[in-house]
Structure formats: C-alpha cells, structure tokens
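*Asks:* Could you look at this predicted model? Sequence included:
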Protein chains: 2
Amino acid sequence: MQHKLPAIAINGVIDKQVSPLDRGFTYGDGVFETCRMMNAKIPLWNLHAERLITSCGKLFISITLNLIQDYLAQLIAQISPQDLAEAVVKIIVTRGQGGRGYRLPNDVSPTICIGIFSAASYPESNYSQGVSVRVCSQRLGCNTTLAGLKHLNRLEHILARAEWSDETFSEGLLFDVNNNLIEATLSNIFIIKNENLLTPDLTEAGVAGVMRRLIIDELTPELGLTVSIQKLSHHDLLTADEIFVCNSIFGIWPVVKVFDQKNYFFAPGKNTTNLQKLLAKRLSLQN
Amino acid sequence: MQHKLPAIAINGVIDKQVSPLDRGFTYGDGVFETCRMMNAKIPLWNLHAERLITSCGKLFISITLNLIQDYLAQLIAQISPQDLAEAVVKIIVTRGQGGRGYRLPNDVSPTICIGIFSAASYPESNYSQGVSVRVCSQRLGCNTTLAGLKHLNRLEHILARAEWSDETFSEGLLFDVNNNLIEATLSNIFIIKNENLLTPDLTEAGVAGVMRRLIIDELTPELGLTVSIQKLSHHDLLTADEIFVCNSIFGIWPVVKVFDQKNYFFAPGKNTTNLQKLLAKRLSLQN
C-alpha cells in the first residue's frame, strides 16, 4: 500500500511515535538533515551523508550510514513515484532513549526519524528577480564545539524567525553576539565584492550548509572564482556588489533588498546568475 | 490501577508517545522543570511554576498553569503514595506539533509532558563532607535572550557532562566563552569570600535555578547575609573561602575539591552549613 505525504518513519516503522524519554525530545540531543528529493533521489546525498556522520561523531552518537540508507530506501518504496518527483526529505538522528540527566546513557541506540514531505514551493521570481531579506535582532551565541553542526538545538533560529510575519521578506539575516554576519535563518549567505566571493567563517556559530559547501568546493572553481571564508561585518554586507542566499532545498536566490533599519538595494548580478545556471546543470546531471 | 515509576503522561494521557512533528523533538523548542517531590507534594512549587510560565512567555509558548497543575494532579492520583514519599517530577512543555521550518506554527497547542521518576539517591557524605567537582573544558555560548531559561537546547551541558565518567566527581563547573564562571552542569554555584556570598550573573548564559533563587531571596536574608550577583573568574573561584553547589533535587552540597588541571581544596564552612540547616527547616515546614 502506498503512503501519502508526509510519510514519517522511526527506525524503519512508518507512523510510529517517539518515546518521551528520547533525548531528542528531552534535550534536543541530536542532528538533522533537510534534503531536496528529485525523482526519488537526493541530489548531493554524499554531502548530506558526510555532514550527518561527521556531526553525529562530534556528539558521540554512533551511527552507520548503511542503516540510514536502508531506512530511507524502505520508506521511498512505500510512496508513489509521482509524489517523489519533487519532495523534501528530513532525517533526524537523536542519541536515543535515556533516563533523566545529561549524562550519556549506556547501551543507547540512536533514533533515526526519516520524513518525506511535499515539496516547498517558491515563486519563480525569487530566482530571477531576487528576494528581500531583513536583519534579525536575535543574535547567535558563539560556541566552537557546536558551530557548523545542523544540530537540534534551534531556539535561536526559531526566535529569529518569529521576528517577522511579513511575507515580503523571504529570509532573515543572523549576526553573532560579536556582530559578525553568520547566515540566514534557513540558508547560508555569500556576498560578492570586486568579483570576489566572500562567505562568513562558521567556526564560532552557524550551520555549515551542504549547498554552501557545493558552491565553495565545486561551483566557484568551475567558474574560475575563488571564495574567501572570513569574518564579515554589517558594512561588508551593505557595501556588497551582489548578495545571495543558498540552501539544498531552494538552491540560490539573489538578494535585492536588505532591510536593516532602512532599505538597502542590490541588483542581481552576473556572478550569482552564473552560479544559478551551473547549479541547475549540476542538479540535472546528477538526476 | 496504580502505575509504577517512572510514570509519564503526555497531555494527561499516561504512556502516550510524542509525535515526530513535535517541535520539542525537531528543534528542542520548549522548556522544562525538574522538581523534588516529597510526600506527593513539590516543595518550592510556586518558584518552579513562576519560572515555567515566565520561560514559556519568553519563547511565545502560550500555557496556563491550571492545566499543568490538573495534569500533575491526575498523574499523582494514579501512583501509590509510598512511591511519592521521595520522587522527582519532570515537566516538559514544548510548543507542540508543527510542520517543517522554524516559523511558529499557527493554531499550535503546547505539549505538556509530566514524568514522575524514582528519587535520585546521593551519599549522605555529599552533604556533610562535601563533593569534588571538576572544571569542564566545554564552554557556554552567550545569548541574553535564552540565558536563565531552563530550555530544551541542552547540547552544551550534555557535552560538558560527557567529559568525565569518574564517579569521584559529583559535578562539572561551566565557564562561558568569555571565561566567566556560570554554573555547574545540573546545579548553580555560590562562593563565599570574607563572609560575602557571590554567585554568577546569569544574564548571558546559564540556568537560573529555583534553589539559587530561594537562597538569594529567602535563605540568605534570614541568616543576615547578602548575595552579590556578579561576574566571577577562575581566580575568584579558586580563592574562595567556601564553595557550594545547589539545585532543587539535592539541595546544597559543599564543594571541598575543585580539579582545574590540579586539585584545589576547600573546607565545608559554617555559612554553607547554616544554609543547609535553614533549607532543611524550610523544606520540612513546607512539607
């Protein structure tokens, strides 16, 4: 029997619920991945998988990729191919069930929760004409141990996203407590200045996105561009020639307006357009 | 029928499970309280309740205390009074079920998870002879929005608690990224110097404990002592006359040894002893 979306399975069992003793629930003790699905496949799966395994390792959560892939394949098999033409896959891995207290439980077995959701739909103009974003007043705390990981402790991002409900803003930009630009609430950010790409250093805060990595490692070299990973200030942001945000789900959106007490305007530039084109090619090839 | 411990109810239903879409599970989007239970009552309930409601308010989680108290009373009624002579009550409140994404869901209804667990048992010597603690290398990030709240984003504390398994250490001390002493993994800390009580300022990091508040607001005034809430350094800690840690479950433990690359020794002092005696009196009166 085929399952409609959303379809969520826990440790391979569809429609199962989570124990209230699961440390994901009690402490946000785990990590997640949010992946685009195209024709029942996940583009950039290798990058997602690598981040997931690395992140689990940093939290001392012992997991094998094979098990996750088996659960994913089982879930996919229960869903109609047409529902999987464009979808979103969310994988949560928690430490598993424990008792009270922060101490790592003995003999704990991770919880693997895989959900397949209907595709997010975004206006075509987000790609061609660009998006408006705002600067959030919520700041990100700095912690080198957790920085970069897509872990389940996301209250800062939730409070940032709660700052606006005006649909004209597609994203909110986040600075850390030391006023360094870090990312947007659900995407990473790049700026382009004098034909150089710059993106925030994420060693103290932020989520190191898979699309960010693809852009740095593969797309920019192919375009003959270099990326500098560095601290970026308000001034760097507001004096950029081009700005774009990116993630695995929507790809790349040019930013044409930044609201930071007042409006600052930017044009969608040729470098951003070239990256969008190259990404589209890359995704269609992989698919 | 009477339920054995642990007994856990979700929105009043015992043995119910949590939805994988619960934002407590997906993002650590909620708060909790851990309370001592004595003879089926929670000492200091008013302080727990006030912190819980205030914390929910700061996260825009709308909750009424009456509902929590009703669920708690229902759960207590299903447990044998002898199991409730000494127990631990944990109350988790999450934002409730949502879809993907950080945005606050519309029409969301909070999840109230109440668990009653067997009492934690600690050696009597922890109270009379004091405990050994160690300084954790894990640092706490600073964030004024979240500081003080007992929220569900607890990875920093988990990683700190994972630093040691040697049972001779009863607690780990946490400093923030700016090297200010903040708290211990599951308790707050006070130091005494020249008959003055000092405790870390928690406006940038840490959990503002209920026992800490009782000590500041009620116990120290009764003893004619004053408490200074301020930034505290490694040096302040290591040159203290007395040190103690405190929480709602175990009360007050003198600290007699701090391991910070080498051992530093402290004697259980008369101020700590006087506070322990006054707390015991306060708890027996309330009970």
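*Replies:* Structure's in. What do you need?
*Asks:* Look up the pLDDT of the closest residue to chain B within the stretch 151-287 of chain A for me, please.
*Replies:* Nearest residue of the stretch 151-287 of chain A to chain B, counting by CB to the nearest CB: A:N153, 3.6 Å away. (Each C-beta comes from the backbone N, C-alpha and C, glycine too.) At A:N153, the model reports a pLDDT of 98.
*Asks:* Chain neighbours aside, what residue packs nearest to it?
*Replies:* Spatial nearest neighbour of A:N153, chain neighbours left out: B:N153 (3.6 Å); criterion: CB to CB, 6 or more residues apart in numbering or on different chains.
*Asks:* Secondary structure element for the one you found, which one?
*Replies:* If you go by DSSP states H and E, B:N153 is not part of any helix or strand.
*Asks:* what's around the residue nearest to A:F259 when sequence neighbours are not counted, how many residues?
*Replies:* Nearest residue to A:F259, sequence neighbours excluded (CB to CB, 6+ apart): A:R134, at 4.3 Å. By other CB atoms under 10 Å in any protein chain shown, 22 other residues sit near A:R134.
*Asks:* then the helix or strand harbouring A:R134 to CSV, C-alphas only?
*Replies:* Using DSSP H and E, A:R134 sits in strand A:131-140. Taking C-alpha atoms only, strand A:131-140 is exported to CSV below (Å, rounded to 0.1, in the frame of the first residue of the first chain):
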residue,chain,number,x,y,z
VAL,A,131,14.4,38.3,-2.7
SER,A,132,14.1,40.8,0.1
VAL,A,133,15.6,39.9,3.5
ARG,A,134,15.7,41.6,6.9
VAL,A,135,18.4,41.7,9.6
CYS,A,136,17.2,39.9,12.7
SER,A,137,17.7,41.4,16.1
GLN,A,138,18.2,37.9,17.6
ARG,A,139,21.9,37.2,17.8
LEU,A,140,23.7,33.8,17.6
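*Asks:* Average pLDDT for that strand, rounded please.
*Replies:* Mean predicted lDDT for strand A:131-140 stands at 98.
*Asks:* now stretch A:251-268
*Replies:* Stretch A:251-268 comes out at a mean pLDDT of 96.
*Asks:* end to end, how far does that stretch reach?
*Replies:* End-to-end span of stretch A:251-268 (CA to CA, to the nearest Å): 15 Å.
*Asks:* and what of stretch A:5-19?
*Replies:* First-to-last residue span, stretch A:5-19, CA to CA: 23 Å.
*Asks:* all helices of chain A, in order?
*Replies:* Secondary structure of chain A (DSSP state H): helices at A:23-27, A:45-58, A:65-76, A:125-128, A:155-161, A:210-214, A:220-222, A:234-238, A:270-286.
*Asks:* for these, which one ends up most surrounded?
*Replies:* Mean neighbour count (mean count of other CB atoms under 10 Å in any protein chain shown) peaks for helix A:23-27 among the helices of chain A, with a mean of 29.
*Asks:* looking at it, A:I112 is touching A:N11, isn't it?
*Replies:* Yes. Under the criterion of CB atoms under 8 Å, A:I112 makes contact with A:N11 at 5.6 Å.
*Asks:* Mutual contacts of the two, please.
*Replies:* A:Y71 (CB atoms under 8 Å, 6 or more residues apart in numbering or on different chains).
*Asks:* can you pull the contacts of the closest residue to chain B within chain A?
*Replies:* Relative to chain B, the nearest point of chain A is A:G28 (2.6 Å; CB to the nearest CB). By CB under 8 Å, 6+ apart, the residues touching A:G28 are A:151-154, B:27-28, B:152-155.
*Asks:* What confidence value was assigned to the closest residue to it other than its chain neighbours?
*Replies:* Here the nearest residue to A:G28 in space, its sequence neighbours aside, is B:G28; by CB to CB, 6+ apart that works out to 2.6 Å. Among the per-residue scores, B:G28 shows a pLDDT of 98.
*Asks:* separation between B:G28 and B:E50?
*Replies:* Counting by CB to CB, to the nearest Å, the gap from B:G28 to B:E50 is 22 Å.
*Asks:* And for the closest residue to A:G148 other than its chain neighbours, the neighbour number?
*Replies:* Excluding the flanking residues, the one nearest A:G148 by CB to CB, 6+ apart is A:A208, at 4.1 Å. Residues within reach of A:A208, counting by other CB under 10 Å, total 18.
*Asks:* In contact with A:A208, which residues?
*Replies:* A:51, A:148-150, A:188, A:202.
*Asks:* which of the residues you listed sit farthest apart?
*Replies:* Within those, A:L149 and A:N188 form the most distant pair, 13.9 Å apart (CB to CB).
*Asks:* Common neighbours of those two, please.
*Replies:* In contact with both A:L149 and A:N188: A:207-208, using CB under 8 Å, 6+ apart.
*Asks:* ok so, going back, now do the phi/psi pair for the residue nearest to A:N153.
*Replies:* Here is the backbone geometry of B:N153 (degrees, to the nearest 10): phi -90, psi 90.
*Asks:* Burial check on it, number of neighbours?
*Replies:* B:N153: 25 neighbours (other CB under 10 Å).
*Asks:* quick one: it from A:I8, how far?
*Replies:* On the measure of CB to CB, B:N153 and A:I8 end up 23 Å apart.
*Asks:* low-scoring stretches of the stretch 1-150 of chain A, by residue?
*Replies:* A:1 (pLDDT under 70).
*Asks:* Alongside chain B, which residues does the stretch 151-287 of chain A contribute?
*Replies:* Residues of the stretch 151-287 of chain A lying close to chain B (CB under 8 Å from any CB of the partner chain) are A:151-162, A:177, A:185-186, A:205.
*Asks:* List just the nearest of the residues you listed to A:V245.
*Replies:* The closest of these, once distances to A:V245 are taken by CB to CB, is A:L186, at 8.8 Å.
*Asks:* Can you tell me the closest non-neighbouring residue to that closest one?
*Replies:* A:N247 (6.1 Å).
*Asks:* Return the distance of that neighbour relative to B:G269.
*Replies:* For A:N247, the distance to B:G269 - CB to CB - is 55 Å.
*Asks:* can you check A:S19 too?
*Replies:* When distance is defined by CB to CB, A:S19 is 44 Å away from B:G269.
*Asks:* wait, A:A85 sits on A:M38?
*Replies:* Yes. With contact defined as CB under 8 Å, A:A85 reaches A:M38; the gap is 7.3 Å.
*Asks:* Between those two, point out the one with more neighbours.
*Replies:* Per other CB under 10 Å, whichever of A:A85 and A:M38 has more neighbours is A:M38, with 17 against 12.
*Asks:* Test my guess that the more buried one contacts A:L283.
*Replies:* Yes. The criterion here is CB under 8 Å, and A:M38 meets it with A:L283 at 7.0 Å.
*Asks:* any residues touching stretch A:70-85, and which ones?
*Replies:* A:1-5, A:7, A:9, A:11-12, A:14, A:37-40, A:89, A:91, A:112, A:114, A:116, A:118.
*Asks:* Stretch A:141-149 too?
*Replies:* By CB under 8 Å, 6+ apart, stretch A:141-149 touches A:31, A:55, A:58-59, A:153, A:156, A:176-178, A:202-208, B:138-143, B:146, B:155-156, B:159, B:177, B:205.
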